[in-house]
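*Asks:* Need the 3D shape of this:
(2 chains)
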2 protein chains.
Amino acid sequence: MNGAESLVDTLTDHGVDICFANPGTSEMHFLKALDNPRMRSVLCLFEGVCTGAADGYYRMKDTPASTLLHLGPGLANGLANIHNAKRASSGMVNIVGEHSAAHLKYDPPLMSDIEGLARPLSHWVRRVESPRAVAWDVAAAVSKASGYPGQIATLILPGDASWQDAGETVSLPKLPVAQPGKPEAARVEHIAQVLRSGEPALIVLAGRATRGRALELAGRLKAASGCRLATQFFSTRIERGAGRVMLERIPYAVNAAVDYLKGFRHIITVETTEPIAFFSYPDKPSLLKSAGTSVHALAEVGEDGTAALDMLVEALGATSTQAVLQQRANADAPTGALSPTSIAQALAAALPEDCILVDESLTTGRETMGLTVGAARHDLINNMGGSIGYGTPVATGAALACPERRVFCMVGDGSAMYTIQSLWTQARESLNITTIIFANNSYAILKAEYANMGAGAPGERALAMIDIDRPRIGWLAMAKSMGVPAVAVDTAETFHKAIADSVHAAGPCLIEVRL
Amino acid sequence: MNGAESLVDTLTDHGVDICFANPGTSEMHFLKALDNPRMRSVLCLFEGVCTGAADGYYRMKDTPASTLLHLGPGLANGLANIHNAKRASSGMVNIVGEHSAAHLKYDPPLMSDIEGLARPLSHWVRRVESPRAVAWDVAAAVSKASGYPGQIATLILPGDASWQDAGETVSLPKLPVAQPGKPEAARVEHIAQVLRSGEPALIVLAGRATRGRALELAGRLKAASGCRLATQFFSTRIERGAGRVMLERIPYAVNAAVDYLKGFRHIITVETTEPIAFFSYPDKPSLLKSAGTSVHALAEVGEDGTAALDMLVEALGATSTQAVLQQRANADAPTGALSPTSIAQALAAALPEDCILVDESLTTGRETMGLTVGAARHDLINNMGGSIGYGTPVATGAALACPERRVFCMVGDGSAMYTIQSLWTQARESLNITTIIFANNSYAILKAEYANMGAGAPGERALAMIDIDRPRIGWLAMAKSMGVPAVAVDTAETFHKAIADSVHAAGPCLIEVRL
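*Replies:* Below is the predicted model of the structure:
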């Protein structure tokens, strides 16, 4: 077998059986090796879709996908969503094609410093030096990507390592994978004392502690101690909705977050750090807690938050305490004008059980998305890295990870335009995704941020850099151009109906919400 | 004034008066400072459009534009077209927003190693350390970007350096700018001997030596010595068409290029290096010349090729020799089926005088674009870095540089999808651009490359990674979604008519060529 075949074989042997690909000339042997029924190849028309889809896949599966990218610039096009994935602790194996070693000395046009481009946003970078090393290199990459927290592993594959003989098939044992760190008993006992004190305390959950057993345990702690439970404003993935333990959300805006946290004497963090401002502003703090508030790490990032919560429940004697579960909210469809509130109400009413919500709604969803907490149970995914254009690719990967669950991707028009090529892959693969475009014809969030920055009200020229209304983007035409059926709505009832209708349609669709 | 105002003032003082912007929260003070009538701000919906437009602007003006990008991921989104610009020796000043210095220690979500991301593809990177240093830093950046060859200068602007007081207005003198190196007389004399020998010789022109006086001088050398004149397959910008000295084009395909070069005993290079293969293939050479061919550098990259040609003409006593000029080709419109040949004939017939041709046609144009050499005089621009998605952004920048000239952007469907957001900026700014999409519903070039790589004929799964026909992209709907009028053609005569019609329309339009 050649190096490319060895690579694909080893990936699939080690459980990486999907590849989000945007190949070029130097990857033709890899393409040939993808003619392997054990590997699912998904073509994307832009590399930011590949890497965002790999992030979405990991968020739902907790196992890495692979990407195939074309030399340095192909990797560069994927970096923004690699940044977002890295901040979400999503594991990913990037295969970056490269010229053959002998060709590099001529400085051909597509040559660049691939390691240099990869390192700032990868945990692990390696260049394949020989076709016979491919299998070992891939095993190492998969091991890195599969640990907890997940890591970004980037493997550079020169053409000659791809097309030359890799020797006999080797079946390598899986390498050890980083396991979550064990919580320390002394730290747990310290935090148990904090909760026993009765002083106002907030537990901030993140990582894998916003799902399953961790949620239940947190609910018991709340019931037993009177503490409150929250997440950061953005979370990797929350299991949420009716029948689950409800987590509050620390506000995004600095003043609101400071107000929210003011009442707590203690902040207890689980797989996260203390709350900080997303951006820095003149005359606003970076740290959001009050001066008198103490921060206690129950589990650091990379530690097993669920085990730590288990120990804390035990320490508090709350093992048989019942958690209070979220009630199903009023499922009546709202009527009348579209507003952030009626939008959230329509979502809460119409979202089907076990759907996946990918939220990049920014302006439209920022203040009101909390109103969907009483929807049928669902998973909610946020952008952890803050680079916009994450939503539609992540939805694409999530739908491939969970073909039996419908994905709702809520995205502002400005953000959607970054990686709109996702729609094409969604149509090609018949993915069950409802893309909801909040069309306010503006990077509306920037108007608020302009004021937050103390820059006052934007003048005409500044507004021209914020509003995207000349021309208005025709979302129905955009969807049609990539084979996705679409509908536009401008009332709460038509929005509700469009969501409900989409549940029963197979394949992707798009709803333009005209604001 | 604050740092952001100082920055915009200094940019415009030093001749950089256009900014391709995709701003975010950390750049709000910069946005406010753009409220300066001396600076033209052009909003782009994706950063790859910003950086490609800056490249196109430089190609036509020989002076740098600026870009405004949002932190590390915003820069990352622009890197592929920065790579292409760097390979074209286009100067560019990138302003990358950043968190304030005090905020960075909290590792906020959007933080990344911006210097690390910038360095592999920038010639010069600096972080503003104080608002009072902004003016000096900008002067240095502009000086770097403005030298010959043009350079990529990337300036990182923390929020606090942007919003804090920068002191009084300073009017800095311009810093010295790198000038092209002077050719050595001994080298010129050596090459004069080569040409006098009468042995078959090829002069390969590049950089600024494919325009204006350099072309005329090369034509005299050809007439006087019998040498031939060519360019590499890709050129930064060629002045071309009727009434100009015609340059042959070294073929792209390795075998064809080797055959083409076989007959030459000498290759004389001007502002370029000896011809090499774009990619490496098993069993094909990287160097394209024959074993017995000698290579002589008349002017290295960064040297003044025009001056060197002047000296060479003098040395050969050809100062009064007349160059042979390209005749206007038959301007009859072709009829019948669309084919690469009839497409090139239609272009040759319909292109108006002094238009700008941006060519990213890949498969459709590769073998036949030479047939347009007898069109009315025009400028031809190619992709120098090989990262696809360069065409529509470069056309955008070229149109802003030369508002009185129509730009024709010929682009394959696969390439166009990378940075299709350009259409929106073209509509917003009413740019005179005719985008010609060659819709073969495939990364067709990869089919040939698959075979070139010795991988044989692609199987079904490999083909699924090459063909983009499920679904077919609806180009009329795509154009409409971003406010660009569009027409589809499927015969040579309708294609010819569509080009001719577009010449008289104001603003952008799109022609879908159905292949």
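*Asks:* what residues are up against the residue of the stretch 151-300 of chain A found nearest chain B?
*Replies:* Nearest to chain B, among the residues of the stretch 151-300 of chain A, is A:Ser280, at 3.4 Å (CB to the nearest CB). Bear in mind the C-beta positions are built from the backbone N, C-alpha and C, glycine included. Contact analysis of A:Ser280 by CB atoms under 8 Å, 6 or more residues apart in numbering or on different chains lists A:Ser286, B:Ser26, B:His99, B:Ser100, B:Ala102, B:His103, B:Pro108, B:Gly159, B:Asp160.
*Asks:* now A:Asn383
*Replies:* A:Asn84, A:Phe234, A:Asp359, A:Glu360, A:Tyr390, A:Gly391, A:Val394 are the contacts of A:Asn383 under CB under 8 Å, 6+ apart.
*Asks:* hang on, the earlier thing: return the member of the contacts of A:Ser280 nearest to B:Ala153.
*Replies:* B:Ser26 (19.6 Å; CB to CB).
*Asks:* how about the nearest residue to A:Gly150 once chain neighbours are set aside, phi and psi?
*Replies:* Distances taken as CB to CB, 6 or more residues apart in numbering or on different chains place A:Gly91 nearest to A:Gly150, at 2.9 Å, with adjacent residues excluded. In terms of degrees, to the nearest 10, the main-chain angles of A:Gly91 are phi -80, psi 150.
*Asks:* Would you agree A:Gly91 is in contact with A:Ser143?
*Replies:* No - shown here, A:Gly91 and A:Ser143 do not form a contact pair, counting by CB atoms under 8 Å, at 9.9 Å.
*Asks:* And these two? Which one has more around it.
*Replies:* Shown here are A:Gly91 and A:Ser143; by other CB atoms under 10 Å in any protein chain shown, A:Gly91 has more neighbours (32 against 19).
*Asks:* relative to helix B:71-87, how tilted is the biggest helix by length in chain A?
*Replies:* Counting residues, the longest helix in chain A under DSSP state H turns out to be helix A:71-87. Counting by axes from the mean of the first three to the mean of the last three CA atoms, to 10 degrees, helix A:71-87 lies at 180 degrees to helix B:71-87.
*Asks:* Could you pull up the mean pLDDT of helix A:71-87?
*Replies:* Averaging pLDDT along helix A:71-87 gives 98.
*Asks:* near chain B at all, it?
*Replies:* Yes - counting by CB under 8 Å from any CB of the partner chain, chain B has neighbours in helix A:71-87: A:Leu71, A:Gly72, A:Pro73, A:Gly74, A:Ala76, A:Asn77, A:Leu79, A:Ala80, A:His83, A:Asn84, A:Arg87.
*Asks:* can you redo the residues you listed as a markdown table with neighbour count and distance to A:Leu431?
*Replies:* Below are these laid out as a markdown table (neighbours: other CB atoms under 10 Å in any protein chain shown; distance: CB to CB, whole Å):
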| residue | neighbour count | distance to A:Leu431 |
| --- | --- | --- |
| A:Leu71 | 27 | 28 |
| A:Gly72 | 28 | 30 |
| A:Pro73 | 30 | 27 |
| A:Gly74 | 27 | 23 |
| A:Ala76 | 31 | 26 |
| A:Asn77 | 31 | 22 |
| A:Leu79 | 30 | 24 |
| A:Ala80 | 34 | 22 |
| A:His83 | 29 | 24 |
| A:Asn84 | 30 | 20 |
| A:Arg87 | 24 | 24 |
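*Asks:* Can you tell me which of the residues you listed is nearest B:Ala242?
*Replies:* Proximity of the residues of helix A:71-87 next to chain B to B:Ala242 (CB to CB) peaks at A:Pro73, which lies at 35.7 Å.
*Asks:* distance of the closest residue to A:Leu338 other than its chain neighbours from A:Pro120?
*Replies:* Once flanking residues are discounted, A:Leu338 sits nearest to A:Ala492: 5.8 Å by CB to CB, 6+ apart. To A:Pro120, A:Ala492 is 44 Å away according to CB to CB, to the nearest Å.
*Asks:* same question, A:Gly391
*Replies:* Taken as CB to CB, the span from A:Gly391 to A:Pro120 is 23 Å.
*Asks:* and these two? which has more neighbours close in?
*Replies:* More neighbours surround A:Gly391 than the other of A:Gly391 and A:Pro120, with 31 against 21 (other CB under 10 Å).
*Asks:* Surely the more buried one and A:Val358 touch.
*Replies:* Yes - counting by CB under 8 Å, A:Gly391 does reach A:Val358; the two are 5.4 Å apart.
*Asks:* Could you name every residue contacting both of these two?
*Replies:* Shared contacts of A:Gly391 and A:Val358, defined by CB under 8 Å, 6+ apart, are found at A:Cys409, A:Met410, A:Val411.
*Asks:* Can you list which of those residues are found in strands?
*Replies:* A:Cys409, A:Met410, A:Val411 (DSSP state E).
*Asks:* buried set for stretch A:289-305?
*Replies:* Judged by neighbour count using 16 or more other CB atoms under 10 Å in any protein chain shown, the buried positions of stretch A:289-305 are A:Lys289, A:Thr293, A:His296, A:Ala297, A:Leu298, A:Ala299, A:Glu300, A:Val301, A:Gly302, A:Glu303, A:Asp304, A:Gly305.
*Asks:* what do you get for stretch A:311-329?
*Replies:* For stretch A:311-329, by 16+ other CB under 10 Å, it's A:Met311, A:Leu312, A:Val313, A:Ala315, A:Leu316, A:Ala318, A:Thr321, A:Ala323, A:Gln326, A:Ala329.
*Asks:* For it, output the C-alpha coordinates as CSV.
*Replies:* This file holds the C-alpha atoms of stretch A:311-329, laid out as CSV (Å, rounded to 0.1, in the frame of the first residue of the first chain):
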residue,chain,number,x,y,z
MET,A,311,-17.7,13.7,45.5
LEU,A,312,-19.2,17.0,46.5
VAL,A,313,-22.7,15.5,46.6
GLU,A,314,-21.4,12.7,48.8
ALA,A,315,-19.6,15.2,51.1
LEU,A,316,-22.8,17.2,51.5
GLY,A,317,-24.8,14.0,52.1
ALA,A,318,-27.1,14.9,49.2
THR,A,319,-27.0,11.6,47.4
SER,A,320,-30.7,11.0,47.8
THR,A,321,-31.7,14.7,47.4
GLN,A,322,-34.0,15.2,44.4
ALA,A,323,-33.0,17.8,41.9
VAL,A,324,-35.7,20.3,40.7
LEU,A,325,-36.3,19.7,37.0
GLN,A,326,-37.3,22.3,34.4
GLN,A,327,-41.0,22.3,33.5
ARG,A,328,-42.2,22.3,29.9
ALA,A,329,-43.1,25.9,29.1
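*Asks:* Outside of that stretch itself, list whatever touches it.
*Replies:* The contact list for stretch A:311-329 (CB under 8 Å, 6+ apart) reads A:183, A:185, A:188-189, A:191-192, A:195-196, A:216-225, A:240-246, A:298, A:348-349, A:371, A:373-376.
*Asks:* Drop anything exposed from those.
*Replies:* Buried among the contacts of stretch A:311-329 (16+ other CB under 10 Å): A:183, A:188, A:191-192, A:195, A:216-222, A:224-225, A:240-242, A:244-246, A:298, A:348-349, A:371, A:373-376.
*Asks:* follow-up on the earlier one: how about a markdown table for the contacts of A:Asn383, with secondary structure added?
*Replies:* A markdown table is the format used below for the contacts of A:Asn383 (DSSP: H, G, I helix; E, B strand; the rest coil):
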| residue | secondary structure |
| --- | --- |
| A:Asn84 | helix |
| A:Phe234 | coil |
| A:Asp359 | strand |
| A:Glu360 | strand |
| A:Tyr390 | coil |
| A:Gly391 | helix |
| A:Val394 | helix |
